[in-house]
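J.: let me see the structure of the following:
(one chain, ligands or ions: 3)
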Amino acid sequence: MSKAQTFGEFIMDRQAEFPFVSGQLTRLLTDIGVAAKIVNQQVNRAGLTSILGASGNTNIQNEQQQKLDVFADDTFMRILSAGKSVCGIGSEEREDFVLCGESGEGRTGKYIVLIDPLDGSSNIDVNVSIGTIFSIVRRITPMGEPLSEADFLQPGTAQVAAGYILYGSSTMLLCTTGSGVNGFTLDPAVGEFFLSHPAMTFPNRGNTYSINDAVKAKSNSATQAFVDGCREAVDAGFRGRYIGSLVADFHRNLIHGGIYLYPSTTDKPQGKLRLLYECAPLAWIAEQAGGLAVDDSGRIMDKVPESLHDRSPYYVGIRHLVEGLQACRLAPEDAYVANDPAAASGGEHLH
Ligand code: AHG
Ligand code: MN
Ligand code: MN
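T.: Ligands and ions are numbered 1, 2, ... in the order given. Below is the predicted model of the structure:
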């Protein structure tokens, strides 16, 4: 009789596939699963406890912190820093990198975690899907030496694992270690993530576009042209869908086929999303699932961050739509793309 594979079993079985085989990475991913279950418990009970609402503090990005933001950040920090495989953590909720280990200098542990502990904070108290995004890179500084800033500021191509947890109608954990994307669904009765979506890929075609409509007018001309084209393609089945939680919007577009845009705007040339713990991990997942992730000039994965909270314009999703957007940057004769995003990939019918 076959038995569903748990997340823990899956990563143990796949350990040999990880680059630079290491029990530490297995341990680290297991810890992420444990922390996710603890956060999930609080997310599920949010309306019953006094945990809803603002914490009264603002984070480094001047955003109002929600109590669940703080709870999620504390939970991941506590569990990951206790696990011995992590030497440093960069979190959306903390101004500076956190160094782990006994000396507090990050001398031990092979891995660095960059994390958005709770993504989609504005959706917490309206009972709409939220998430957690994580990115894992290997330390550059030799073991035994104190960590330096360069250990944290690595491009997306340096990631050894990346993933997200989606606290949605069910709770899912998706991750990649560079050999495809696998999705696990939490069975709350058993308290385990089970492999439910092996080898996930974007569908070949898709017709969903996701953007905060209010920023469109201030966005770059390619975004404006592309979105106008999507709107005009409504009869071809195009539809706008925007939840306002990056993880949830990304996940829907991964399953149904779509593109998510957080563009550069006149007042925010770097857009809103953060490179290290939002854009890069989802870019790797997108690429591993056959999609694309770019900024205004090229591949997100190649961008080298200058600081922990760097932002980046972000366009991610199914390949033909991201390429359609990129084509909007070309000469006016390519403007047909704006009028018919389907034409970006040879004018095939959309499904
Ligand atoms: P966070 O809650 O971690 O700060 O992230 C919010 C992000 C992202 O989840 C979402 O897609 C985007 O901000 C929404 O921004 P707008 O409210 O400008 O649409
Ligand atoms: Mn976020
Ligand atoms: Mn967040």
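
J.: please save the CA atoms from stretch 262-273 in CSV.
T.: Only the C-alpha atoms of stretch 262-273 are listed here, as CSV (Å, rounded to 0.1, in the frame of the first residue of the first chain):
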residue,chain,number,x,y,z
TYR,A,262,4.9,45.4,-9.3
PRO,A,263,6.4,48.1,-11.6
SER,A,264,8.8,51.0,-11.2
THR,A,265,6.7,54.2,-10.8
THR,A,266,7.5,57.8,-11.1
ASP,A,267,7.6,58.2,-7.3
LYS,A,268,9.2,54.8,-6.6
PRO,A,269,11.7,53.9,-9.3
GLN,A,270,12.6,50.7,-7.5
GLY,A,271,9.0,49.7,-7.1
LYS,A,272,7.9,48.2,-3.7
LEU,A,273,9.0,44.6,-3.4
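
J.: average pLDDT for it?
T.: Stretch 262-273 carries an average pLDDT of 97.

J.: can I assume residue 315 is in contact with residue 323?
T.: No. Using C-beta atoms under 8 Å, residue 315 makes no contact with residue 323, being 10.2 Å away. Yep, even glycine has a C-beta here, placed from its N, CA and C like the rest.

J.: compare the two (neighbour count), which wins?
T.: residue 315 (25 against 17; other C-beta atoms under 10 Å).

J.: bridging residues for the more buried one?
T.: residue 261, residue 294 (DSSP bridges).

J.: got the contact list for the nearest residue to residue 307 once chain neighbours are set aside?
T.: With C-beta to C-beta, 6 or more residues apart in numbering as the criterion, residue 307 has its nearest non-adjacent residue at 7.3 Å, and that residue is residue 153. By C-beta atoms under 8 Å, 6 or more residues apart in numbering, residue 153 lies in contact with 276, 304-308.

J.: mind checking how far residue 153 is from ligand 2?
T.: For residue 153, the distance to ligand 2 (C-beta to the ion, to the nearest Å) stands at 19 Å.

J.: coming back round to it: for the contacts of residue 153, pick the one with the most neighbours.
T.: Comparing the contacts of residue 153 by number of neighbours (other C-beta under 10 Å), residue 276 comes first, having 28 neighbours.

J.: distance of that one from ligand 1?
T.: Separation of residue 276 from ligand 1 (C-beta to the nearest ligand atom, to the nearest Å) stands at 12 Å.

J.: can you classify that residue by secondary structure?
T.: Assigned with DSSP: H, G, I helix; E, B strand; the rest coil, residue 276 falls in the helix class.

J.: these two touch, right, it and residue 136?
T.: No. Counting by C-beta under 8 Å, residue 276 sits too far from residue 136 to count as a contact (11.4 Å).

J.: between the two, what contacts are shared?
T.: residue 114.

J.: low-confidence ranges in the stretch 51-200 of the chain?
T.: 51-53 (pLDDT under 70).

J.: for the residue in it that ligand 1 sits nearest to, grab phi and psi.
T.: Distances between the stretch 51-200 of the chain and ligand 1 by C-beta to the nearest ligand atom are smallest at residue 121, namely 3.6 Å. With angles defined as degrees, to the nearest 10, residue 121 sits at phi -50, psi -30.

J.: would you mind writing the CA trace of the helix ranked longest in the chain as PDB?
T.: In the chain, taking DSSP state H as the definition, the longest helix is helix 23-44. Provided in PDB are the C-alpha atoms of helix 23-44 (Å, rounded to 0.1, in the frame of the first residue of the first chain):
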ATOM      1  CA  GLY A  23      22.600  17.200   6.600                       C
ATOM      2  CA  GLN A  24      22.500  20.800   7.700                       C
ATOM      3  CA  LEU A  25      20.300  21.900   4.800                       C
ATOM      4  CA  THR A  26      18.000  19.000   5.500                       C
ATOM      5  CA  ARG A  27      17.800  20.100   9.100                       C
ATOM      6  CA  LEU A  28      17.200  23.700   8.100                       C
ATOM      7  CA  LEU A  29      14.300  22.900   5.700                       C
ATOM      8  CA  THR A  30      12.800  20.700   8.400                       C
ATOM      9  CA  ASP A  31      13.000  23.600  10.800                       C
ATOM     10  CA  ILE A  32      11.200  25.800   8.300                       C
ATOM     11  CA  GLY A  33       8.400  23.300   8.100                       C
ATOM     12  CA  VAL A  34       8.100  23.300  11.900                       C
ATOM     13  CA  ALA A  35       8.100  27.100  12.200                       C
ATOM     14  CA  ALA A  36       5.500  27.200   9.400                       C
ATOM     15  CA  LYS A  37       3.200  24.900  11.300                       C
ATOM     16  CA  ILE A  38       3.500  27.100  14.400                       C
ATOM     17  CA  VAL A  39       2.800  30.300  12.500                       C
ATOM     18  CA  ASN A  40      -0.100  28.500  10.700                       C
ATOM     19  CA  GLN A  41      -1.700  27.700  14.100                       C
ATOM     20  CA  GLN A  42      -1.700  31.400  15.000                       C
ATOM     21  CA  VAL A  43      -2.900  32.400  11.500                       C
ATOM     22  CA  ASN A  44      -5.800  30.000  11.700                       C
END
